[in-house]
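Q: Sequence first, then the predicted structure, then my questions.
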Amino acid sequence: MKRTLLHDDVVFATPAADSTAYAKYGATVVAAGGAHASDYVNKLKRCGLHVAGSISCLSAHSHDLHANADLAAAVARDIAGEPIAAIQPAQGAIAAAPRYFGCVNHPAFRAYVRRKVCDAIAGGAEGLHIDDHLGSAASLSHGGCFCEYCMSGFAGYLLKQNDPTLAATAGVASFDGFDYRAFVNAHVSSPEQYLNTAASFPLHNEFVDFQLSSAADNVVALGKLAEDVAGRPLSLSANATLPALDHAVVLPRLTYCASEIDHNAPDAGLGLQTAISAYRMAEAIGIPVAATATPRDWAFVNSRRADSLVTLWIALAYACGQRFMAPNRMPCAAADAAAHWYCGPASTFSPLYAFVRKHGFLLNDFAAVGPLARPDGIPLTLETSAKRDALFSALAIPPAAPLTAGSGAWVFPRAKGDGAIAIHVVNHAYNVNSQRVERLSNVEVRLPNRIFNRIFTDATAYSYGAEPAKLTVQTEGDSSVFVLPELNLWSIVTFEYWA
Ligand SMILES: [Zn+2]
């Protein structure tokens, strides 16, 4: 059976350097990497972990590029036919060559990635994880991809639309043999000019839709290949950078996401709206997320030793119905291209994950209610710009913001199908000077009665770092009100009965 993510899963992004870390954190999933070795996979399976192998669709490794001329040509190209660099060599790295986007529509690059899939699951992994899932579609913002395979693919895509207005827009009788690169080149003189004006070109939206759909189809095809080779169902996950709409196209086709989400670390607790929006988008689409922060965020945390800020990120993710991956060994963005890692202390983080594991009964199968509830109008698939616009409108109007309690706490009401309720109260009063989440006292939580349409009297607070405590709930006007005498980081309040 295909394993998806549970709300109380504890996920490692990559294998731990020290395997005792899995037990310390109560790990249940290793999202990516290392699964090509059966000894390693079997060892983790015996510990009850779900293990996925991983590949990247960004580019071929440099030694493969040098050894294979076909692969070296299978790269994303701009309107001048020049390769598009995905990663520029770091300053001072004179000997390094730029790495180009491999084109996922080019047969040679596709064959290369398919071989990598076979390697990734050779050790008996139970899932396939795909990094850089957009592949050459990520080159859209760099002026790509106009290679011959993308051009013939786009002509076929337009023919399949069977929409006469599209041909009229392009001024052609038919899309048989249509060459979008020649069409664009007739209007611009350089890749730079194209980049500045691309959005105004006829068929631009269709070109974006074609590239994003091709990227998602590639991910699905790789997942199918992995299952065919393994001979059993496997989970399929990707590093989808949410809440970016172009990354959302693949979501409905995945089992789950293991994603880098921007936590705007320098803005501390004030910079978390991106993460809240990302979690809500994923829940609205119905795809579980195991999140981590970006290498830029980890560089900030590492340089300041801002461990306490990370505890806030973890609590926020679970309060939003998602997961935050254990900060065991996280890559940091570094200007000098040297390897830097943030290795969070287990003594700080393992108790927080133990709290998660202990309170699965307040996490699993709950869904957001109130202002962050799933809105109407969420499309089932997202392959067209019209559907992505509909998703954006459904999520953004009105803009999603959690309920607040005082000036330092967010409130996330969640409910389960059987009527159970869990109110998450997260302390986001992170003090940049002390580098601590400051404890709050007498936090008054006011829940509009329209959320549950019930009257509550008693509650229990399950708080991180404290014993469970009974609370009284009072009705004041249109609200149910309770007070948390102390809020360390995160409390989950459940109402015991109602009339
Ligand atoms: Zn291409």
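A: Thanks, I have it. Numbering: from 1, shown residues only.
Q: give the contact list for the residue located most distally from the centre of the chain.
A: Here the chain reaches farthest from its C-alpha mean at residue 173, the gap being 41.9 Å by Cα atoms, centre = their mean. With contacts defined as Cβ atoms under 8 Å, 6 or more residues apart in numbering, the neighbours of residue 173 are residue 167. C-betas here are computed from N, CA, C, even on glycine.
Q: switch to numbering from 364
A: In the new numbering, first residue 364, that becomes residue 536.
Q: That one in helix, strand or coil?
A: Using DSSP: H, G, I helix; E, B strand; the rest coil, the three-state assignment for residue 536 comes out as coil.
Q: distance of it from residue 502?
A: Residue 536 sits 30 Å away from residue 502, taking Cβ to Cβ, to the nearest Å as the criterion.
Q: Hmm, residue 418 is touching residue 582, no?
A: No: contact criterion Cβ atoms under 8 Å: residue 418 and residue 582 do not qualify, at 10.3 Å.
Q: what do those two both touch?
A: Residues touching both residue 418 and residue 582 by Cβ under 8 Å, 6+ apart: residue 493.
Q: Can you give the contact residues for the helix or strand containing residue 427?
A: Using DSSP states H and E, the secondary-structure element containing residue 427 is helix 425-430. The contact list for helix 425-430, computed with Cβ under 8 Å, 6+ apart, reads 422, 434, 435, 460, 462, 475.
Q: nearest spatial neighbour of the third one, skipping sequence neighbours?
A: The shortest distance from residue 435 to any residue other than its chain neighbours is 4.9 Å, reached at residue 428 (Cβ to Cβ, 6 or more residues apart in numbering).
Q: Tell me, how many residues neighbour the one you found?
A: When neighbours are counted by other Cβ atoms under 10 Å, residue 428 registers 20.
Q: now do residue 737
A: When counting by other Cβ under 10 Å, one arrives at 15 neighbours for residue 737.
Q: can you tell me the helix or strand for it?
A: With DSSP H and E as the criterion, the answer for residue 737 is that it lies in no helix or strand.
Q: Hmm, it is touching residue 758, no?
A: No: between residue 737 and residue 758 no contact is recorded; they are 9.5 Å apart, counting by Cβ under 8 Å.
Q: Quick check: residue 557 is in a strand.
A: No: when three-state DSSP is applied, residue 557 is found to be helix, with no strand at that position.
Q: hang on, the earlier thing: sitting in strands, which of the contacts of helix 425-430 do you find?
A: Among these, the residues falling in strands (DSSP state E) are residue 462.
Q: related to what we said a few turns ago, rounded mean pLDDT for the helix holding residue 427, please.
A: Mean pLDDT, helix 425-430: 80.
Q: for stretch 606-625, same thing?
A: According to the model, stretch 606-625 has a mean pLDDT of 96.
Q: swap in stretch 505-519?
A: On average, stretch 505-519 scores 96.
Q: Would you mind extracting the C-alpha trace of it into PDB?
A: Written as PDB, here are the backbone C-alpha positions of stretch 505-519 (Å, rounded to 0.1, in the frame of the first residue of the first chain):
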ATOM      1  CA  HIS A 505      15.200  32.800 -17.700                       C
ATOM      2  CA  GLY A 506      13.800  32.900 -21.300                       C
ATOM      3  CA  GLY A 507      13.400  29.200 -22.000                       C
ATOM      4  CA  CYS A 508      12.900  26.600 -23.200                       C
ATOM      5  CA  PHE A 509      13.000  27.000 -27.000                       C
ATOM      6  CA  CYS A 510      14.800  23.800 -28.000                       C
ATOM      7  CA  GLU A 511      13.600  21.900 -31.000                       C
ATOM      8  CA  TYR A 512      11.800  19.300 -28.800                       C
ATOM      9  CA  CYS A 513       9.900  21.900 -26.800                       C
ATOM     10  CA  MET A 514       8.900  23.600 -30.100                       C
ATOM     11  CA  SER A 515       7.600  20.400 -31.600                       C
ATOM     12  CA  GLY A 516       5.900  19.600 -28.300                       C
ATOM     13  CA  PHE A 517       4.300  23.000 -28.100                       C
ATOM     14  CA  ALA A 518       3.000  22.700 -31.700                       C
ATOM     15  CA  GLY A 519       1.400  19.300 -30.700                       C
END
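Q: From the rest of the structure, what touches that stretch?
A: Taking contacts as Cβ under 8 Å, 6+ apart, the residues outside stretch 505-519 that touch it are 438-442, 444, 447-448, 464, 466, 468-470, 499-500, 502, 538-544, 547, 554, 557-558, 561, 569-570, 573-574, 577.
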